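**Student:** sequence and computational prediction follow.
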Amino acid sequence: MVVALTIGAIGVVFGDIGTSPLYAFREALGQSAADGIDPSEILGVLSLALWSLLLVVTLKYVVFLMRADNQGEGGVLALAALARRAIGVRSRVAIVLGAAGAALFYGDAIITPALSVLSAMEGLRTIPGAAAVFDEHVVRLVTIMILIGLFFIQSHGTALVSKLFGPVCILWFLAIGGLGAWHIADELSILRVFSPYYGVMFLGTHGVTGLFVLGAVFLTVTGAEALTADMGHFGKLPIRIGWFALVFPALALNYLGQGAFALARLEQAAAAGVPFENQDWFFLMAPDSLRPMLVILAGMATVIASQAVITGAFSVTQQAVQLGLLPRMKIRQTSAAYAGQIYVPTINWLLLVGVLVLVVQFKTSSAMAAAYGIAVTGTMVVTTCLAYLVVRHRWNWSRPLALGVILPFLTLDLIFFGANILRVIEGGWVPLVVAAAIGLLIYTWVRGRGIVAAFERRQSIPLADLAAALAKRPPERVSGTAVFLTANPLATPGALLHNLKHNKVLHERNLIVSVRTADRPVVADEKRVQLERIDDNFSSVVLTYGFMESPDVPRDLGLRQARAKLGLDPMKTSYFIGRNTLKPDSDQGMPLWQDRLFMFLQRNASDPTDFLRIPPGKVVELGEQVTV
């Protein structure tokens, strides 16, 4: 079982970080190439890359952060939910950090497929005699075709092709590790870069240029967030085994091989008296005869890495919707066997548009690399801040101990974030704009929902008071069961009041049902339904779901333990949903432009009947006008 999970983890978890050797060393070295490249710069860049893998990925994520799981689930929103539960009434800071992390993740989700697939297809130009055929325009066209095909297959699910992810990625890591080991012999002294001396000296002697290089070096650790985000699918042990047994050794060997190969080429250029140029070291390491096969393998690996990020975007969206950060969206299950395999059409097509715009706008992977680091470093800063809340309030560490552990990680993250901020003009503005747009949507949606909820609270009356009044003066009764959906199970739903006011009838059995999201990924069936009997006419029901689950109200009201207490007959049950009409007003609530944005989100949100899995033919919608 552990072996199978480890193979699966290698195929999904490490796809992003595993394709970084395609461009990371080349881009980092290129940042110091303005006045020529000398051996100390190659050694310094390589030392920084290896120590980034050791400190950021191995120590921070694999050893430490993987301990901060939410019932086995990880990722920034799972961590935010855990922190929110830990700090209780002061949970707003956890939600704000979680929303910021989610917003930055979408920027990463747009850049990763574009950069990784384009960098792999640029390898076509290194094949002897192929450069004339595969010019920049052809490479971009091939990249666009692959990306369009990748996004178009999402609606069909990836259960079948995902079985190939593990074996292909294992082959990929063995290939890049072997390629690197073969070239270490070109310059055995390259092994000295395991000493941090070379990285520290490089930063100390290169000033601002050193910071630009550090920002590019960070490309070696992009994808580290996936180690915690996918814990729920594979578990900690398989991910750790995959990292220490295969992924980290393969990455280290490949970077060492690229460094040794570059040093050997530098010596050859100096001996021949010709200028030394930064090149596509990854593909040039392969013999001419094997390079076409390496390009094909790289293409497959980058498609897998892109698939993992797309799936991650779907998962983050589901969590954000469940936590109330985004409006309801149509979420489709693509696998009967695996609950985590979902498809979100809106996110899929928005990502495709963003990815294609990046490929067309930036043209080359080198131009696009500048846009990559900011989103990832920003997410890492957020994750580290949430980790402090967890260790301080959930694990009950003392403040000095919590700060002593977290501050070094936060300092490292802030240094990388600062280094990447320097590249805003080069393209780093892209993920910031995407994150700001998503952040604005989240803020507007949360604030607008708060205004509507406050209006409903003002208009509502306690359910117990209504039950007592109706007991004294009962209205006309009709047979069957009425289910009234509401956010507050203790207050009378607006739809119930409207039904009494306009239809002047009351069903013989009335359920006031509230759907809640817990700060945990999954809720067991036996804890799903909480029932409280008000009187002979009314019962209050609370359905609780984890933030990784999709609600299904009819199914869960029909669970054996609920059906025994409620006595529901599906054929005689009607569902009443309140649907208010929003009215913008510049003099109260939000600014007018934000009113219109909230109304747009509300109009385009998935229908509550679809989201709650209620049969459309059994729904009655009632509501009134609300000024936002």
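**Tutor:** Received it, and whenever you're ready, just let me know what you need. Numbers count the residues shown, from 1 in each chain.

**Student:** going along the chain, name the helices of the stretch 451-600 of the chain.
**Tutor:** Here the stretch 451-600 of the chain has its helices, by DSSP state H, counting those that start in this stretch, at 463-472, 494-498, 553-557, 560-566, 592-604.

**Student:** for residue 167, find the nearest of those helices.
**Tutor:** Proximity to residue 167 (CB to CB) singles out helix 553-557 among these, at 36.7 Å. C-beta: built from backbone N, CA, C; applies to glycine.

**Student:** would you mind giving the domain segments of the chain?
**Tutor:** 2-446, 461-627 (automatic domain parsing).

**Student:** which of the helices of the stretch 451-600 of the chain has the lowest average pLDDT?
**Tutor:** For the helices of the stretch 451-600 of the chain, mean pLDDT drops lowest on helix 560-566, to a mean of 58.

**Student:** run a quick check on residue 235 versus residue 8, I expect a contact.
**Tutor:** No. Residue 235 is not in contact with residue 8 according to CB atoms under 8 Å; the separation is 10.1 Å.

**Student:** thinking again about what came up before, quick one, which of the helices of the stretch 451-600 of the chain is nearest to residue 328?
**Tutor:** helix 592-604 (9.7 Å).

**Student:** CA atoms only: put that closest one into CSV for me.
**Tutor:** Coordinates of each C-alpha in helix 592-604 appear next as CSV, following Å, rounded to 0.1, in the frame of the first residue of the first chain:
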residue,chain,number,x,y,z
LEU,A,592,-21.8,51.5,-5.8
TRP,A,593,-19.2,49.8,-7.9
GLN,A,594,-18.8,47.1,-5.3
ASP,A,595,-22.5,46.7,-5.1
ARG,A,596,-22.6,46.0,-8.8
LEU,A,597,-19.7,43.5,-8.5
PHE,A,598,-21.4,41.7,-5.7
MET,A,599,-24.6,41.5,-7.7
PHE,A,600,-22.7,40.2,-10.7
LEU,A,601,-21.2,37.4,-8.5
GLN,A,602,-24.6,36.6,-7.0
ARG,A,603,-26.2,36.4,-10.5
ASN,A,604,-23.5,34.1,-11.8
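
**Student:** do you know the pLDDT at residue 425?
**Tutor:** For residue 425, the model assigns a pLDDT of 81.

**Student:** remind me what the helix or strand hosting residue 10 packs against, helices and strands.
**Tutor:** Following DSSP states H and E, one finds residue 10 within helix 2-12. On a contact count with 3 or more CB pairs under 8 Å, 6 or more residues apart in numbering; DSSP states H and E, helix 2-12 meets helix 165-184, helix 231-234, helix 236-242, helix 291-322.

**Student:** show residues contacting that helix.
**Tutor:** 162, 164-170, 173, 226, 230, 233-235, 237-239, 241-242, 245-247, 304, 308, 311 (CB atoms under 8 Å, 6 or more residues apart in numbering).

**Student:** ranking the helices of the stretch 451-600 of the chain by burial, who's on top?
**Tutor:** helix 494-498 (a mean of 21; mean count of other CB atoms under 10 Å).

**Student:** how near is the residue lying closest to residue 476 once chain neighbours are set aside to residue 618?
**Tutor:** Distances taken as CB to CB, 6 or more residues apart in numbering place residue 505 nearest to residue 476, at 4.8 Å, with adjacent residues excluded. Distance of residue 505 to residue 618, given as CB to CB, to the nearest Å: 17 Å.

**Student:** quick revisit: now the buried members of the contacts of helix 2-12.
**Tutor:** 162, 165-166, 168-170, 173, 226, 230, 233-235, 238-239, 241-242, 246-247, 304, 308, 311 (16 or more other CB atoms under 10 Å).

**Student:** name the nearest residue to residue 490, sequence neighbours excluded.
**Tutor:** Using CB to CB, 6+ apart, the closest residue to residue 490 is residue 463 (5.9 Å).

**Student:** for residue 621, helix, strand, or coil?
**Tutor:** strand (DSSP: H, G, I helix; E, B strand; the rest coil).

**Student:** my guess is it contacts residue 577, does it?
**Tutor:** Yes. Counting by CB under 8 Å, residue 577 is a contact partner of residue 621 at 5.2 Å.

**Student:** find residues that contact each of the two.
**Tutor:** By CB under 8 Å, 6+ apart, the residues touching both residue 621 and residue 577 are residue 495.

**Student:** those two: who's more crowded?
**Tutor:** residue 577 (21 against 14; other CB atoms under 10 Å).

**Student:** tabulate the CA atom coordinates of the helix or strand that contains residue 377 in CSV.
**Tutor:** Remark: residue 377 resides in helix 372-389, with elements defined by DSSP H and E. C-alpha atoms of helix 372-389 as CSV (Å, rounded to 0.1, in the frame of the first residue of the first chain):
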residue,chain,number,x,y,z
TYR,A,372,6.8,33.0,-11.4
GLY,A,373,8.5,33.6,-8.1
ILE,A,374,6.3,36.3,-6.5
ALA,A,375,3.1,34.2,-6.3
VAL,A,376,4.9,31.2,-4.8
THR,A,377,7.0,33.2,-2.3
GLY,A,378,3.9,35.2,-1.3
THR,A,379,2.0,31.9,-0.6
MET,A,380,5.0,30.6,1.4
VAL,A,381,5.0,33.7,3.6
VAL,A,382,1.3,33.2,4.2
THR,A,383,1.8,29.5,5.0
THR,A,384,4.5,30.3,7.5
CYS,A,385,2.4,32.9,9.3
LEU,A,386,-0.5,30.4,9.5
ALA,A,387,2.0,27.8,10.8
TYR,A,388,2.8,30.2,13.7
LEU,A,389,-0.8,30.5,14.6
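
**Student:** continuing past that helix, what's the next helix or strand?
**Tutor:** The helix or strand immediately downstream of helix 372-389 is helix 399-421, counting by DSSP H and E.

**Student:** run the angle between that next one and helix 372-389 for me.
**Tutor:** Going by axes from the mean of the first three to the mean of the last three CA atoms, to 10 degrees, helix 399-421 is angled at 170 degrees with respect to helix 372-389.
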